[in-house]
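Novice: Sequence first, predicted model second:
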Amino acid sequence: MSENGLVSRGDGVFGISGSLTFQTVPRYQNQAESLLQGGGQPVTIDLQGVTQADSAGLALMIEWLQMARAAKHELVFANIPEQMRDLIRVNGLQQLFSLKNGQNNK
């Protein structure tokens, strides 16, 4: 998997690798539209390959959730890195991302 990329793994699963920061978020912003179009198949964004994240990455995740809801599409984030989970907790967004006992559902 290339650095700083979004790669389809099939069956509605997409993996993000590299940084998810202020510098890299712009390249991901427009990709959500194509991910959330067509069919009712749930989409999973696997964050296991994220090596660095900041508040811009969290803002992108929130934007994608809003887009998915508007399109009546299910969007799940899997393998949320600890750094992102800390940002989610600090901002009181555990329910939005279904964090339970410090863990994400997948």
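Specialist: Thanks, I have the structure now.
Novice: Okay, the closest residue to residue 48 other than its chain neighbours and residue 17: tell me how far apart.
Specialist: The spatially closest residue to residue 48, leaving aside those adjacent along the chain, is residue 79, at 3.7 Å (CB to CB, 6 or more residues apart in numbering). C-betas here are computed from N, CA, C, even on glycine. Distance, residue 79 to residue 17, using CB to CB, to the nearest Å: 12 Å.
Novice: try residue 59
Specialist: From residue 59 across to residue 17, the span is 19 Å (CB to CB).
Novice: Compare neighbour counts for the two and give me the winner.
Specialist: Comparing residue 59 with residue 17 by other CB atoms under 10 Å, the one with more neighbours is residue 17, at 18 against 15.
Novice: CA atoms only: put the lengthiest helix in the chain into CSV for me.
Specialist: Ranked by residue count under DSSP state H, the longest helix found in the chain is helix 55-70. Below are the C-alpha coordinates for helix 55-70, written out as CSV (Å, rounded to 0.1, in the frame of the first residue of the first chain):
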residue,chain,number,x,y,z
SER,A,55,-7.7,17.3,14.3
ALA,A,56,-8.0,17.8,10.5
GLY,A,57,-8.2,14.0,10.1
LEU,A,58,-10.9,13.9,12.8
ALA,A,59,-12.8,16.7,11.0
LEU,A,60,-12.6,14.7,7.7
MET,A,61,-14.0,11.7,9.4
ILE,A,62,-16.9,13.7,10.8
GLU,A,63,-17.5,15.2,7.3
TRP,A,64,-17.6,11.7,5.8
LEU,A,65,-20.1,10.6,8.4
GLN,A,66,-22.3,13.6,7.6
MET,A,67,-22.1,12.9,3.9
ALA,A,68,-23.0,9.2,4.5
ARG,A,69,-26.0,10.1,6.6
ALA,A,70,-27.3,12.6,4.0
